[in-house]
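1. Quick one, structure for this:
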Amino acid sequence: MSEEVAARPRLRLRPTMLSDLDFVISVENDTQNLPFITPWERTQHEGAVRFPDFRHFIVEAGEAYESAGFVILQGCRNPHRSVELKPWQGFTVPRGMVHRTRAPERAVILMMETASIVPTGDA
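-> Okay, the predicted model is just below:
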(Lines give C-alpha, C1' and ligand atoms only; values in the text may rest on other atoms or scores of the structure.)
Protein backbone atom coordinates (compact mmCIF):
# COMPACT_ATOMS: atom_id res chain seq x y z
CA MET A 1 0.00 0.00 0.00
CA SER A 2 2.77 2.50 0.85
CA GLU A 3 4.38 1.92 -2.58
CA GLU A 4 1.04 2.73 -4.21
CA VAL A 5 0.75 5.99 -2.27
CA ALA A 6 4.33 6.96 -3.12
CA ALA A 7 3.69 6.37 -6.84
CA ARG A 8 0.75 8.81 -7.00
CA PRO A 9 1.42 12.28 -8.36
CA ARG A 10 1.29 15.03 -5.77
CA LEU A 11 -1.20 17.85 -6.35
CA ARG A 12 -2.37 20.74 -4.26
CA LEU A 13 -4.29 23.98 -4.74
CA ARG A 14 -3.35 27.32 -3.30
CA PRO A 15 -5.07 30.68 -3.72
CA THR A 16 -3.80 32.67 -6.68
CA MET A 17 -1.91 35.85 -5.85
CA LEU A 18 -1.57 38.81 -8.19
CA SER A 19 2.11 37.88 -8.58
CA ASP A 20 0.96 34.54 -10.16
CA LEU A 21 -0.92 36.19 -13.03
CA ASP A 22 2.02 36.16 -15.47
CA PHE A 23 2.10 32.36 -15.04
CA VAL A 24 -1.70 32.07 -15.46
CA ILE A 25 -1.67 34.13 -18.66
CA SER A 26 1.24 32.10 -20.05
CA VAL A 27 -0.70 28.87 -19.41
CA GLU A 28 -3.79 30.29 -21.11
CA ASN A 29 -1.82 31.38 -24.17
CA ASP A 30 0.13 28.13 -24.55
CA THR A 31 -0.64 26.74 -28.02
CA GLN A 32 -1.55 23.33 -26.54
CA ASN A 33 -4.21 24.90 -24.29
CA LEU A 34 -5.79 27.39 -26.70
CA PRO A 35 -8.15 24.85 -28.37
CA PHE A 36 -9.76 24.18 -24.97
CA ILE A 37 -10.05 27.61 -23.33
CA THR A 38 -10.87 31.23 -24.03
CA PRO A 39 -8.07 33.37 -22.58
CA TRP A 40 -9.02 36.21 -20.26
CA GLU A 41 -7.56 39.67 -20.09
CA ARG A 42 -5.28 40.30 -17.10
CA THR A 43 -7.93 42.59 -15.58
CA GLN A 44 -10.46 39.72 -15.62
CA HIS A 45 -8.06 37.53 -13.66
CA GLU A 46 -7.33 40.39 -11.24
CA GLY A 47 -11.06 40.73 -10.62
CA ALA A 48 -11.46 36.97 -10.07
CA VAL A 49 -8.63 37.02 -7.51
CA ARG A 50 -10.24 39.90 -5.61
CA PHE A 51 -14.01 39.29 -5.97
CA PRO A 52 -15.52 36.98 -3.31
CA ASP A 53 -17.88 35.25 -5.78
CA PHE A 54 -14.81 33.73 -7.47
CA ARG A 55 -12.15 31.34 -6.20
CA HIS A 56 -8.95 31.46 -8.26
CA PHE A 57 -6.37 28.75 -7.48
CA ILE A 58 -2.93 27.73 -8.69
CA VAL A 59 -2.51 23.97 -9.18
CA GLU A 60 0.85 22.81 -7.88
CA ALA A 61 2.23 19.38 -8.79
CA GLY A 62 5.19 17.09 -8.26
CA GLU A 63 7.60 16.56 -5.41
CA ALA A 64 8.47 20.29 -5.24
CA TYR A 65 4.85 21.42 -5.86
CA GLU A 66 5.75 23.53 -8.88
CA SER A 67 3.01 25.59 -10.56
CA ALA A 68 1.32 23.35 -13.12
CA GLY A 69 -1.97 25.08 -13.95
CA PHE A 70 -4.87 27.03 -12.49
CA VAL A 71 -8.55 26.62 -11.60
CA ILE A 72 -11.27 29.28 -11.41
CA LEU A 73 -14.58 28.70 -9.63
CA GLN A 74 -17.45 31.16 -10.00
CA GLY A 75 -20.70 31.43 -8.06
CA CYS A 76 -19.15 30.79 -4.66
CA ARG A 77 -21.55 33.22 -2.96
CA ASN A 78 -24.69 31.52 -4.28
CA PRO A 79 -27.41 31.96 -1.60
CA HIS A 80 -28.83 28.50 -2.39
CA ARG A 81 -25.45 26.84 -1.78
CA SER A 82 -25.70 25.20 -5.19
CA VAL A 83 -23.17 25.14 -8.00
CA GLU A 84 -24.21 25.50 -11.62
CA LEU A 85 -21.61 24.45 -14.15
CA LYS A 86 -21.42 25.43 -17.79
CA PRO A 87 -19.90 23.05 -20.37
CA TRP A 88 -16.25 22.24 -19.65
CA GLN A 89 -16.37 23.66 -16.12
CA GLY A 90 -15.44 21.69 -13.02
CA PHE A 91 -15.98 21.79 -9.28
CA THR A 92 -14.17 20.24 -6.32
CA VAL A 93 -16.47 19.09 -3.51
CA PRO A 94 -14.75 19.62 -0.15
CA ARG A 95 -13.90 16.43 1.74
CA GLY A 96 -16.79 15.24 3.89
CA MET A 97 -19.43 17.48 2.28
CA VAL A 98 -22.69 15.72 1.54
CA HIS A 99 -23.62 16.41 -2.08
CA ARG A 100 -25.93 15.27 -4.83
CA THR A 101 -25.19 15.72 -8.52
CA ARG A 102 -28.02 16.24 -10.97
CA ALA A 103 -28.45 17.69 -14.42
CA PRO A 104 -31.50 18.65 -16.49
CA GLU A 105 -30.07 16.64 -19.39
CA ARG A 106 -27.40 14.00 -20.00
CA ALA A 107 -24.09 14.93 -18.39
CA VAL A 108 -20.64 13.40 -18.12
CA ILE A 109 -19.09 13.47 -14.65
CA LEU A 110 -15.38 13.02 -13.97
CA MET A 111 -14.91 11.87 -10.40
CA MET A 112 -11.58 11.38 -8.64
CA GLU A 113 -11.58 9.68 -5.25
CA THR A 114 -9.02 8.04 -3.02
CA ALA A 115 -8.86 4.25 -3.23
CA SER A 116 -10.67 3.96 0.11
CA ILE A 117 -13.87 5.66 -1.21
CA VAL A 118 -16.57 3.47 -2.71
CA PRO A 119 -18.42 5.85 -5.09
CA THR A 120 -21.76 4.05 -5.24
CA GLY A 121 -23.90 6.71 -3.60
CA ASP A 122 -24.89 4.27 -0.85
CA ALA A 123 -22.95 5.95 1.96
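2. Dead centre of the protein: give me the residue that sits there.
-> In the chain, the residue lying closest to the centroid (CA atoms, centre = their mean) is residue 71, at 4.1 Å.
3. how far away is that residue from residue 56?
-> According to CB to CB, to the nearest Å, residue 71 and residue 56 sit 8 Å apart. (Each C-beta comes from the backbone N, C-alpha and C, glycine too.)
4. partner residues bridging the closest residue to residue 57 other than its chain neighbours?
-> Leaving aside its sequence neighbours, residue 57 sits nearest to residue 13 (CB to CB, 6 or more residues apart in numbering; 4.2 Å). Legend: beta-bridge partners of residue 13 under DSSP bridges are residue 59.
5. Next: residue 69.
-> Residues in beta-bridge contact with residue 69 (DSSP bridges): residue 59.
6. Residue 57 should be in a strand, yeah?
-> Yes - under DSSP: H, G, I helix; E, B strand; the rest coil, residue 57 falls within a strand.
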